[in-house]
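Novice: Predicted model and sequence below, questions to follow.
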Amino acid sequence: MKQSLFNFAFQHPKRVFLLMIVAVIVFAAMLPKIIIDTDPENMLPSDQADRVFHDEVKKKFGINDLIVVGMVNEQGIYNPRSLAALHKLANEILKIEGIVPQDVLSIATVDNISQDGPGTIRFQWMMNQAPKTTEAAKEIQNAVERLPFLNNTIASPDGLATAIYIPIIHKDQSYRIVAEVEDIIDTLDSDDQFYISGLPVAEDTFGVEMFLQMATSAPVAGLLVFLLLWYFFRSLSLIASPMILAMVTIICTMGLLIGMGYTVHIMSSMIMIFLMPIAVVDSVHLLSEFSDRYHKDTTPQAAMQEVLDHLFTPMLYTSLTSAAGFAALALTPIPPVQVFGLFIAFGVMLAFLLTIIFIPAYVVSLSPQRLSKLAETTPHDDNHGPLTSSLKALGRGSLAWPKTLLIVFLGITAVSITGVTKIVINDNPFQWFQESHRLRVADKILNQHFAGTYNAFIVLDQHNEAELTAQFNKNTDDILAQAQADGVDLTTLWQQLKQDSTDSIKNKDANSEFPQFLQNLALKLDDQLFEADENQTMYLEALLAATERQLNTSKFFQQPEALAYIEALQQALLTTGIVGKSNSVTDVVKTVYRELNEGTADQYRIPDSSAAVAQTLLSYQSSHRPQDLWRLVTPDQRSASIWLQLKSGDNVDTTQVIDFVDDYLLSHPLPPGVEMDWAGLTYINVVWQEAMVKGMVGSLLGAFVVVFIMMIALFRSILFGLLAMIPLSATILFIYGIVGWIGKDYDMPVAILSALSLGLSVDFAIHFIQRMREMVDKHGSFAAAIPLMFEEPARAISRNAIVIAVGFLPLLLSPLVPYNTVGMFLAAIMIISCLTTLMILPILMAYMKRFLFNESQDSPQ
Amino acid sequence: MNNVTKLLNLTFLLTAVSTVVGTAVADETDVELIVSKANHIAFYQANDGRAESRMLITDGGGNKQVRQFTVLRKDRGEQVDGDQDFLVLFSRPADVRNTMFRVIKHIDSDDDRWMYLPGLDLVKRISSGDKRTSFFGSHFFYEDISGRRLDADRHELLETTDQHYVVKNTPLDPDSVEFIHYTVWIDKSNWMPTKTEYTDAAGKIYRRIEALQIKDIDGYATATRMQASDLRSGGSTLTEMRYIQYNVNLPDDIFSERSLRNPPRQWFKRS
């Protein structure tokens, strides 16, 4: 089978090329259909419970994702010029497409509720026109600071900053909307500083910059890899082949991904960066050996055949292990990560196939002149070059001090394990940007001035509808029975009215269905009363009263006790230090109640009865923005949402708040029938992160076992299998040890890199062990074989390590942190796994040689 | 300006009489006359009246709320289409029952408005000033209910169709309102404004008020179903006017501060 593949390549190189060209054209044709998706919500399947709830909450309360525009003036923003700029900015923003203009929050768009002389309440725009005088500007400051739900949300308490909250319809429009806001800012006559923040901006900006990175980082890395290969092989015609191979692999894989309708997510954008080294690795091994073996007295086909014969198996296995490592990501419950893993696995196997077909076909197609030149000039770094000398020294060195080295190795292992225990699992889309990025700067400054620009929502739902229904049926049955006793039969009419009321319910949401039914029923009874016979009137009135009473009871978050529960929870949240502020219906009720009274501080409280609350809220709705109330409580008063402003978008901080609330609920149980849940982007981030961490542990363990079994199968030896696992285990351990010690957050890219480490670091061990066994067979003993191992085999391994480690260093220049992380990790993976393979494996082999090798003669030193 | 309007109103009254007599007249071309006729039909029919109103408020998310109230209205009669008294008594939802809203609408100055909240046992005066605030959480504004001063806008007859006079109204003080201009369709047959559309700074129509049903009540063309739609949020409020009576002979003294706490029940009752 494999020989027929080789023969096909040797005999029909043109057909191989043609096939590849066709494949490239077909798959490249799909690339323009690319859809970028940077929405972290998509880290969860669309039917995942928390995500479904989050969407329901957004719909129920009319909540949209927010862009936050901050305006800062160190001299204070309450001056005519700054406020004029703010006024113009806010009004121009209202004209931008894709925003929700009626919900934009800013000094220039909100209402003021205030006293206007004794016994008079006033609803007016906070700043309908920019103030002309400093005094007028200060009046605005006083007014804003008097209203608790505005202060520290749209204006900072220090008077130095103000914010505009722009709700947007679709998150993927953020980048464009921000650009339009920036255009408006440029036209302002202002000395103020402007900052734009908000999670959707971070996400969408990341998408745009990611696209740029895909277009720049991968080609730059490719170029550098090319230059390094050229340094090692000194033959452009020879090294063109791995580059072509890498390109074809990437185009086909990405084309397939896009063609199959998958979106390119943050992870999948890195597929090409991951595939580049993997695709190059095998062909470097192949070419490295080929250039060593090809001389004037052999044909290229014979030399290539020889190389293929003994590299096929190790290459197959290195590819299979890499593919297994990535395919194991399919075990995580995160769709973009699954897609990423599976397509890389596909790419790895495609690269393998191309390596054994395309490279031979390419080599035999080279002109005799080129080949003869190759035979003369390559390999550049043969048995005397600096790399070879260092490798030989390395080989001698490690065998000279085996115990010291093993102790050092074990020491590092111990330190790494400690490091791993220090790992902090955390992510924050803002930290995907470097510290100097304008978004990070904006995020920092705005969170210094304001209560917080990250949003989470605690949602309380009253679910006692079954109890209410039973109570209602009992009460009304009593009235009907009384009517019956008095000779008035209302049963048929009552059934009809109930049926009609049920039929006209539009919104079939479980906890609002019953109040809607009651509301409809009350109206129908009211209409019926006008037509009713005199003898029915009394009973219909009783039924109407019972219906309205039950409707009142069902309005749970209009009851003072329920509002007080929310108030206490909000107070407690402030003690976390992470929640800068929270807003709820209680705050609105208390503020309006205060203004309905004389506006004094002692009136800032929850009114005493449900009716008083209802009337307070009715008054509030006589403002310009009655809809603001429904962001905090549903019109049926069965669900309330507490809007938390968090100072940090770090998952660790959100988790801390969640844990705090869990604890709080233990000591302050929710009112009967009430259920609590979380929503908001910060919460969704925590959910998928937890899913990812759990999933990654499973995936890593799964891949580890699969690779181990493969190694045993490959070497037909448990001992060799164990040896082969050492460099990869050490690499993963050391790398995560470093992560723990330097305090880098274990975030999504870092998690995914375990798959890359696993796949790449086993490669060197496979090659080394395979060649070692061949050498021992050929030269009779471990002692005789080991020096030779540090010539050509070690050279192939180190060339690979250097090409990949150095080739991906340009990723460090990217403004996106996940790309930096990948660049750094690739270098670390290469160095650690190369050194462990070349230093630790020989030592261990030397100690265990009698169990490992069938030596014809044994001569230990 | 004001005097001119008054004069025009007077002229209109005379013309109205001749219209009622029922001859087919040529299209009116004087826009001031058209808008004042429409104003009269919408807000000044008969000397007084009583109606029950039921508002169904639907927000963009489909949530429904109800407001039910009874309105008593009486013209002060000091001038043609001039000052008016209103009492609005809420009956539904039950938790705001007996909340009373009292208005004296002034043509030459700001309106006086009071509110009584029984749950707080509190009478509160509502500061004059902006009238373009929500009418108790509905998509109607206070100004839609009480009427906008004719001299607040510049009027322009855009078009005369078979059925309508189409009038564009541009505010004289653009900073006091949230629209750039609004367009009213006035039915030629009865002078009823049947549709109003508001245009925002971005040039988009964002708000619409429609008379969905017009009934003849005691000889007065009356809009019995009105709808206000917020085209941005998708929410709307449907108002149904029922049990309408004109020329009830409401006594002047019920339009008093005393009535806030003690509603004159006999006049509010359905009959």
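Specialist: Done, it's in. Residues are numbered from 1 along each chain as shown, chains lettered A, B, ... in the order given.
Novice: Now do the helices in the stretch 51-200 of chain B.
Specialist: For the stretch 51-200 of chain B, the helices defined by DSSP state H, counting those that start in this stretch cover B:142-146.
Novice: Which single residue of the stretch 151-271 of chain B ends up nearest chain A?
Specialist: Across the stretch 151-271 of chain B, the shortest distance to chain A (Cβ to the nearest Cβ) belongs to B:Ala202, at 3.9 Å. Every residue, glycine included, has its C-beta placed from N, CA and C.
Novice: Remind me what the host helix or strand of A:Asp527 packs against, helices and strands.
Specialist: Using DSSP states H and E, A:Asp527 maps to helix A:510-531. Packing partners of helix A:510-531 (3 or more Cβ pairs under 8 Å, 6 or more residues apart in numbering or on different chains; DSSP states H and E): helix A:465-485, helix A:491-503, helix A:534-554, strand B:64-75, strand B:84-92.
Novice: How about exporting that helix as PDB, limited to the C-alpha atoms?
Specialist: These are the backbone C-alpha positions of helix A:510-531, laid out as PDB (Å, rounded to 0.1, in the frame of the first residue of the first chain):
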ATOM      1  CA  ALA A 510     -44.500  30.200  32.300                       C
ATOM      2  CA  ASN A 511     -44.300  32.800  35.100                       C
ATOM      3  CA  SER A 512     -46.200  35.600  33.300                       C
ATOM      4  CA  GLU A 513     -49.000  33.500  31.800                       C
ATOM      5  CA  PHE A 514     -51.200  33.500  34.900                       C
ATOM      6  CA  PRO A 515     -51.100  37.300  35.500                       C
ATOM      7  CA  GLN A 516     -51.900  37.800  31.900                       C
ATOM      8  CA  PHE A 517     -54.900  35.500  32.300                       C
ATOM      9  CA  LEU A 518     -56.000  37.500  35.300                       C
ATOM     10  CA  GLN A 519     -55.600  40.800  33.500                       C
ATOM     11  CA  ASN A 520     -57.700  39.600  30.600                       C
ATOM     12  CA  LEU A 521     -60.300  38.100  32.900                       C
ATOM     13  CA  ALA A 522     -60.600  41.400  34.800                       C
ATOM     14  CA  LEU A 523     -61.300  43.300  31.600                       C
ATOM     15  CA  LYS A 524     -63.800  40.800  30.400                       C
ATOM     16  CA  LEU A 525     -65.600  40.800  33.700                       C
ATOM     17  CA  ASP A 526     -65.600  44.600  33.600                       C
ATOM     18  CA  ASP A 527     -67.200  44.500  30.200                       C
ATOM     19  CA  GLN A 528     -69.600  41.800  31.200                       C
ATOM     20  CA  LEU A 529     -70.800  43.900  34.200                       C
ATOM     21  CA  PHE A 530     -72.200  46.500  31.800                       C
ATOM     22  CA  GLU A 531     -74.400  44.000  30.100                       C
END
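Novice: need the contact list for residue 135.
Specialist: No chain in the question, so chain A it is. Not one residue lies near A:Glu135 by Cβ atoms under 8 Å, 6 or more residues apart in numbering or on different chains.
Novice: Not quite, go with chain B.
Specialist: Contacts for B:Phe135 (Cβ under 8 Å, 6+ apart) come out as A:622, B:141-142, B:144-145.
Novice: related to what we said a few turns ago, how far is the helix holding A:Asp527 from where the chain is centred?
Specialist: Distance of helix A:510-531 from its chain centroid, counting by Cα atoms, centre = their mean, to the nearest Å, is 46 Å.
Novice: buried sites along it?
Specialist: By neighbour count on 16 or more other Cβ atoms under 10 Å in any protein chain shown, the buried set for helix A:510-531 is A:511-526, A:528.
Novice: And A:Lys60, how far from A:Lys171?
Specialist: Plainly put, A:Lys60 is 19 Å away from A:Lys171 if you go by Cβ to Cβ, to the nearest Å.
Novice: ditto for B:Ser271
Specialist: 57 Å.
Novice: who's more crowded, these two?
Specialist: Neighbour totals were compared for B:Ser271 and A:Lys171, and A:Lys171 leads with 22 against 8 (other Cβ atoms under 10 Å in any protein chain shown).
Novice: Now that one: closest residue in space that isn't a chain neighbour?
Specialist: A:Pro200 (4.3 Å; Cβ to Cβ, 6 or more residues apart in numbering or on different chains).
Novice: re earlier: using TSV, lay out the helices and strands packed on helix A:510-531 together with distance to A:Thr38.
Specialist: TSV is the format used below for the helices and strands packed on helix A:510-531 (distance: least, Cβ to Cβ, whole Å):
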stretch	distance to A:Thr38
helix A:465-485	40
helix A:491-503	44
helix A:534-554	42
strand B:64-75	37
strand B:84-92	48
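Novice: Minimum distance to A:Ser717: which of those has it?
Specialist: Distance to A:Ser717, taken as Cβ to Cβ, is lowest for helix A:465-485 among the helices and strands packed on helix A:510-531, at 66.2 Å.
Novice: Which single residue of the stretch 201-350 of chain A ends up nearest chain B?
Specialist: Counting by Cβ to the nearest Cβ, the stretch 201-350 of chain A gets nearest chain B through A:Val201, at 22.1 Å.
Novice: Helix, strand, or coil at that residue?
Specialist: Following DSSP: H, G, I helix; E, B strand; the rest coil, the label given to A:Val201 is helix.
Novice: That one contacts A:Gln173, doesn't it?
Specialist: No: A:Val201 lies out of contact with A:Gln173 (Cβ atoms under 8 Å); the separation is 10.6 Å.
Novice: on that earlier part again, in contact with the residue nearest to A:Lys171: list those residues for me.
Specialist: With Cβ under 8 Å, 6+ apart, A:Pro200 has these contacts: A:65-67, A:168, A:171, A:174, A:681.
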